[in-house]
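>>> mind folding the following:
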Amino acid sequence: QLFYVILYGLVLFIIYGFTLVFKKQKTWLLLVVVLIESSIAFYIPLIINHPIEWIVMEDYLQPLFDKDAVNYVSSLDDGFYRIIKDNEVFLTQNEPTVQNYKGISFYSSVYNFETDAYYDRFNETYSIPVTFGRDYSYLINSVKYFISSTDAHTAPLGFEYLTSIGDSKIYENKYYIALGFVQSQTLNQKVFNDLSYLNQDRLLLEYAITSDSANQSFKYPTEYLQYGKDAYVDRFYFSNPDLFKDILVIVENKDSVGLSIRSSIQSEFIREDFYGQNFYAMKYFDSKSVIDAIEIYVPQAPESLSGYNIYLDTNLEYYKNWYENKLQKSFYNIVSKQDYISAEINVESDNSTVVTSIPFNKNWQLYIDGEKTTVQNVNLGFIGFELNKGHHNIEFKYRDNTFIVSLFISIIFIVFSFTLIYLKKL
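Predicted coordinates:
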């Protein structure tokens, strides 16, 4: 490919030379030079920074990829959903793009700055958002499938075993809600930003976060049992044969880099779940769990000790009720394509706020019952909008205005150039 770029450069040089010699008689050559030069200018960045493809990463990350499992899910379900995997580490953040599925962990870049406020809350050691261990994010971001191939993590809250493809186990989220739903309450973003990330995620279940909301009061949807507060030791151990069933164990690790939760049965080590997270992570123990003790390991630097809190959430019935409530207020008859999404939704009261799991981008155009409407940035980086009571048809259309403007300018330039040539001949 580099050879062709050099070849184009030589052709450009030759044509430009002829243009200088015959510029009075061969004015059209100047236009040819400009067109070739613009083509090269477009092509060179693609050579230097080409899109990531499967073959580029195949040898390096082959053991972490689950092509057969991803292909199975894609053949099974063509709806709007996301997939999470237990091998979410900093090396695989491009994998959703490589394997052509919607993931939930992303590099931060200049291309998604409008969602920075949301994704920055998930940054870990390598400043790459990794969401594993943040089970609440799966509820509001349309995560439907969990693929486990390395057994690095047990299934998150709400996920049940579906099938196995090769060495990969596939789980389905019984609390999955497609695309988005109506929130009956809003909360001012400034108030929201003052809270810890754990408490922020708790409120995202029940509130639409907007910059213009007048509401500054809130109530947490569930109450935690605080088991440990401001612990400053590497290891925190506790055992109880009846405790680790239908429970979320939440570790708010504040300033430390990562943590792990080690599970045991009758003093015998069973497994260790590592979370490369700052701020907090959670682990779900289902009703079939036989774990009777866990050890929380949070590495401590002698020169900078990091305190952490431990919470237990035993009210898992709330999440079932939450799902049933939001499902009644969610989108249905969804059609999802590459740059077009349509759906229907029923709203019970006027001035309701709809939140979606579509990352906010100014190029998305929103049509409500056929009329174009301005999209709002809600929940720190997702598309939202207001609706009045009744049934509504919703359309999302992605239009890259930069491309359209550039194309328009190019056409004008070409027409102008040929017009000048024609007038000169006259």
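
>>> what about stretch 103-115, how long is it end to end?
Start-to-end span of stretch 103-115 (Cα to Cα, to the nearest Å) is 15 Å.

>>> can you find the helix or strand of the chain with the lowest average pLDDT?
Here the helix or strand of the chain ranked lowest by mean pLDDT, DSSP states H and E is helix 54-61, holding a mean of 56.

>>> give me the pLDDT value at the residue positioned nearest the centre of the chain.
What sits nearest the mean C-alpha location of the chain, by Cα atoms, centre = their mean, is residue 104, with 3.5 Å. Residue 104 carries a pLDDT score of 71 in this model.

>>> contacting residues around it?
Contacts for residue 104 (Cβ atoms under 8 Å, 6 or more residues apart in numbering) come out as 82, 83, 84, 131, 137, 138, 141, 143. C-betas here are computed from N, CA, C, even on glycine.

>>> and the next helix or strand past the least confident helix or strand of the chain?
helix 67-76 (DSSP states H and E).

>>> the stretch 201-350 of the chain: strands as residue ranges?
Along the stretch 201-350 of the chain, the stretches classed as strands by DSSP state E, counting those that start in this stretch are 208-210, 225-231, 235-239, 247-254, 259-265, 268-275, 279-285, 293-297, 308-313, 332-336, 340-347.

>>> can I get those strands in JSON lines with mean pLDDT and mean neighbour count?
Listed next are the strands of the stretch 201-350 of the chain as JSON lines, based on pLDDT from 0 to 100; neighbours: other Cβ atoms under 10 Å:
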{"stretch": "strand 208-210", "mean pLDDT": "96", "mean neighbour count": "25"}
{"stretch": "strand 225-231", "mean pLDDT": "81", "mean neighbour count": "14"}
{"stretch": "strand 235-239", "mean pLDDT": "87", "mean neighbour count": "14"}
{"stretch": "strand 247-254", "mean pLDDT": "89", "mean neighbour count": "22"}
{"stretch": "strand 259-265", "mean pLDDT": "89", "mean neighbour count": "19"}
{"stretch": "strand 268-275", "mean pLDDT": "86", "mean neighbour count": "14"}
{"stretch": "strand 279-285", "mean pLDDT": "90", "mean neighbour count": "22"}
{"stretch": "strand 293-297", "mean pLDDT": "90", "mean neighbour count": "20"}
{"stretch": "strand 308-313", "mean pLDDT": "92", "mean neighbour count": "20"}
{"stretch": "strand 332-336", "mean pLDDT": "93", "mean neighbour count": "13"}
{"stretch": "strand 340-347", "mean pLDDT": "95", "mean neighbour count": "17"}
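
>>> want to try a markdown table for those strands, with distance to residue 192 as columns?
Shown next, in a markdown table, are those (distance: least, Cβ to Cβ, whole Å):
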| stretch | distance to residue 192 |
| --- | --- |
| strand 208-210 | 5 |
| strand 225-231 | 22 |
| strand 235-239 | 29 |
| strand 247-254 | 17 |
| strand 259-265 | 25 |
| strand 268-275 | 24 |
| strand 279-285 | 15 |
| strand 293-297 | 28 |
| strand 308-313 | 20 |
| strand 332-336 | 28 |
| strand 340-347 | 23 |
